[in-house]
Every structure is written in structure tokens, then in C-alpha cells.
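Enquirer: Need a 3D model of the following:
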Amino acid sequence: MLIRNLCNIALGTTVLALTGCKGGVLDPKGQVGIDEKNLIIIATVLMLIVVIPVIVMTLYFAWKYRDGQEQQIYAPKWAHSGKIEAAVWAIPIVIVIVLGVITWQSTQQLDPYKPLEGKGKHLTVEVVSLNWKWLFIYPEQGIATVNELVFPANVPVEYKITSESTMNSFFIPQLGSQIYSMAGMETKLHLIANEPGTFKGFSANYSGAGFTGMKFNAIATPTQADFDTWVNKVKSQANTLTKANYDALALPSENNPVTYFADVDDGLFHTIIMKYMQAHGDMNKMHSAMPEHSGHENHTMHSEGEE
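Expert: Have a look, this model is predicted:
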């Protein structure tokens, strides 16, 4: 009776817990997300093969030999059992080996840099994490948006990701993997939405006071024509994004509204990545020139001393 009640409580708790999974990693809407959900479930089940029997036996023996249970005599006959020892060692070893194989295979299959094969031509989106907002540049369409990401359903998307300054994390839970955005570096992520819809995206890495406002909607349009209509809508706006006004956009601000840019300077994404590299190059030039200059000064001072 006790075990049955415990099972009912556990089942009820599980059902209540899963009701909060809507819109998260356990409610995937893209192929990458589905594969990752399956990996989570398989790994969890394999680990529970050991955990559940241990919990059940702990509760059973605690109840069976509880204080006041006089009719039960605790008089074990200790003896070595090769079968028990083999089971105790073999089962965890097998589980670890299976988990290792699954992890190795999934690491290859779910590599974020790996294009989604057999899904057609990829749409490219360049992502820049700013303080505290997201900039999405569409190089093929020549447009950009702030805090709104739109793409056709069933079309693979290649995300090229960097950061203006602070390290952040680009994450759309229902579509799949998260990946970090870092200043002066480019990371890549390939995702696809298997159905139309609006999915929540955000930064999964704390980056300061406005971190909680770094949210955006990832909208998968039903058809390519719907996506093209949205692109034309953006192009009808008056705003343009140039290297000059990008600096103003990059200033820290919180809870930013959706903004459209009808035109974007070519190579802006590359400029954002390389600006720290250019500064590093200028410093190297200064350092390389300093010894020669310093030597010249020392020589001059030495000559003056001799005079």
C-alpha cells in the first residue's frame, strides 16, 4: 500500500512538473530540438535504471525493519556473493559505456557548426548581441532588425554570431542548441523550425543590469512568400544601419522595442568582429616602434652626457 501511494504521488508530481515544459526544451518545434530532447530522455532513463531500484530498496528496507516492527527479525547471514558483486559492478559499467557511445554519436550529429544536410539552401542571419538587445542582420536581403528574428518554416538557418562587448548566449529553446556570443569572435549555429509559429528567444548568460530584457521573438512564417512579404515590409521603413549610426545603436539600453532597418552597410558584421583585432594590431605597431624610439632617446642622452 505504501509503495503504491508513493508511486501515485511520484506520478502526480511528474505530471504537474511536465505541465511547465510548454515552450521549453521538452516541447521542441525543430529537428535539432527534437534530437536533443530524445538525447535528454535516453540519458535520463539510463541513469534511472540504477537510481530507481536503489530508492525503492532504501524505502522498502527502512519500512520493513523500522523501529517497533517486532515480528520482523533482523538476522542476516553474511556471505560473499560473486553474482551480486558482478551485478553491482557490471550494470553501472554497461550504462556508462552506453552513455559514452550515445554522447560521442550525438556530439557529431548535433555539432552546431555542421550544416543541416538534405534540407535545401540555408538562410544566413548574422547575430550581434548588444547591451542589452539583439541585432539581426540579413546580408542576402540587405536588411536588419532589433529584437525580432523572422525566417521561413522548414528552411534551415545558418546563424553567424558575435558580440559587441559582453559575452552572451544565443538561445531559442524550442528550436535547439544555445551557443555563446563573444566579442572579436564568430560562432555558428544551424537550426530549423519544422512548423510555423512564434518561439521565445533570449540570452542564457548573465551580462549585466539589462540582462532580463534581452528577449526576442523568433517567428517562423508558414511559407517563403510570407517571409518575402515581411522582408518587403522592413525595406519600406525609413531607417538605415550604417557604420556611423551603429555606434549609437550599440550604446547600453534596456527593454528595447522592435526596430527595422531597410538598408545595412555591406560588411558591417565583419567590421564589428574585427574592430578589436584592429585595435590589437595598432597596439602591436606601437610596441614594435617603442624600442627603436627608446634606444634613440638613450643614445641622445648618452651623447649629451659626454659633452
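Enquirer: Show me where the stretch 151-300 of the chain has its strands.
Expert: Counting by DSSP state E, counting those that start in this stretch, one finds strands in the stretch 151-300 of the chain at the ranges 157-163, 168-171, 179-181, 187-191, 197-203, 215-221, 240-241, 259-261, 263-264.
Enquirer: In CSV, list the C-alpha atoms belonging to the first one.
Expert: The C-alpha atoms that make up strand 157-163 are tabulated as CSV, following Å, rounded to 0.1, in the frame of the first residue of the first chain:
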residue,chain,number,x,y,z
VAL,A,157,19.1,28.9,-41.0
GLU,A,158,22.8,29.5,-40.5
TYR,A,159,23.4,31.9,-37.7
LYS,A,160,26.8,33.7,-37.5
ILE,A,161,27.1,35.0,-34.0
THR,A,162,29.3,37.6,-32.3
SER,A,163,29.1,40.2,-29.5
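Enquirer: packing partners for that strand?
Expert: When contacts are defined as 3 or more Cβ pairs under 8 Å, 6 or more residues apart in numbering; DSSP states H and E, strand 157-163 packs onto strand 123-130, strand 179-181, strand 187-191, helix 268-306. (C-beta placed from N, C-alpha, C; glycine too.)
Enquirer: Swap in 6 Å and give it another go.
Expert: strand 123-130, strand 179-181, strand 187-191 (3 or more Cβ pairs under 6 Å, 6 or more residues apart in numbering; DSSP states H and E).
Enquirer: Touching it from outside, list them.
Expert: 122-129, 151, 170, 181-183, 186-191, 273 (Cβ atoms under 6 Å, 6 or more residues apart in numbering).
Enquirer: what's the angle from that strand to strand 215-221?
Expert: With axes from the mean of the first three to the mean of the last three Cα atoms, to 10 degrees as the basis, strand 157-163 and strand 215-221 are set at 160 degrees to each other.
Enquirer: Strand 157-163 vs strand 187-191, what angle?
Expert: 150 degrees.
Enquirer: Pick the most buried one from the helices and strands packed on strand 157-163.
Expert: strand 123-130 (a mean of 22; mean count of other Cβ atoms under 10 Å).
Enquirer: what about Lys121, how many neighbours?
Expert: A total of 7 residues lie near Lys121 under the criterion other Cβ atoms under 10 Å.
Enquirer: now swap in Asp27 and tell me
Expert: With other Cβ under 10 Å as criterion, Asp27 counts 14.
Enquirer: isn't Val264 right next to Thr240, touching?
Expert: No: the pair Val264 / Thr240 is not scored as a contact, 7.4 Å apart, by Cβ atoms under 6 Å.
Enquirer: so the nearest residue to Asn217 once chain neighbours are set aside bridges to which residues?
Expert: Nearest non-adjacent residue to Asn217, counting by Cβ to Cβ, 6 or more residues apart in numbering: Thr198, 5.3 Å away. Assessed by DSSP bridges, Thr198 has beta-bridge partners Ile219.
Enquirer: one step back: would you turn the helices and strands packed on strand 157-163 into JSON lines with distance to Pro53 and mean pLDDT?
Expert: Output for the helices and strands packed on strand 157-163, formatted as JSON lines (distance: least, Cβ to Cβ, whole Å; pLDDT from 0 to 100):
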{"stretch": "strand 123-130", "distance to Pro53": "45", "mean pLDDT": "97"}
{"stretch": "strand 179-181", "distance to Pro53": "38", "mean pLDDT": "95"}
{"stretch": "strand 187-191", "distance to Pro53": "38", "mean pLDDT": "96"}
